[in-house]
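Engineer: Requesting a structural model of the entry that follows:
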Amino acid sequence: MRIITKCILLSYLHNEWPLAGEHAEYGGFADMQMMTIREIARHSGWPEGRIRRLVAARRLRHVKLDGLLLLPANAVDEFVQANMVEPDLEFGSQPTPKSRGPLL
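Structural biologist: Alright, predicted model coming up:
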């Protein structure tokens, strides 16, 4: 079972998923491009260590399958968008605790 699951996942990683449109009942994962930490680091320009720390802290979406750690290609974009701090429009006003957002 483990070998079959890995083969299916690896073929999906290389965009060889044969029936992607027919697997919507699995939550749409067939439409999601998955990448390794190294690939995400190259794609985003972030160091691998930062991505590993965010994964360990469970702050980036990921899946671990038999030791293979995969992240959606847009995981870093989602993280940045969720933690984006909007500027205050009034000059000299103190930011409210909600607008500060969590620290990276």
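
Engineer: Let me know the pLDDT of the closest residue in space to Pro47 that isn't next to it in sequence.
Structural biologist: Closest residue to Pro47 apart from its sequence neighbours, by Cβ to Cβ, 6 or more residues apart in numbering: Ala41 at 6.4 Å. Where you see a C-beta, it was placed from the backbone N, CA and C, and this is true even at glycine. We have a pLDDT of 97 for Ala41.

Engineer: So which residues of the protein form helices?
Structural biologist: Under the criterion DSSP state H, helices of the chain are mapped to 2-13, 37-44, 48-56, 75-82, 97-100.

Engineer: the longest strand in this protein is where?
Structural biologist: When the chain is parsed with DSSP state E, its longest strand is strand 68-72.

Engineer: Partner strands of that one, with direction?
Structural biologist: Strand 68-72 has the following sheet partners, assigned by DSSP bridges: strand 34-35 (antiparallel), strand 63-65 (antiparallel).

Engineer: Straight-line length of stretch 61-80, end to end?
Structural biologist: End-to-end distance for stretch 61-80: 12 Å, by Cα to Cα, to the nearest Å.

Engineer: Then stretch 66-86?
Structural biologist: One end of stretch 66-86 to the other measures 40 Å (Cα to Cα).

Engineer: With stretch 65-83 instead?
Structural biologist: Stretch 65-83 has its terminal residues 27 Å apart, counting by Cα to Cα.

Engineer: so where is the chain shaky, pLDDT-wise?
Structural biologist: 1-30, 91-104 (pLDDT under 70).

Engineer: shouldn't Ala75 be in contact with Ile40?
Structural biologist: Yes - using Cβ atoms under 8 Å, Ala75 and Ile40 qualify as a contacting pair, with a distance of 6.6 Å.

Engineer: surely the residue nearest to Pro47 meets Glu48?
Structural biologist: Yes - assessed by Cβ under 8 Å, Ala41 is found in contact with Glu48 at 4.5 Å.
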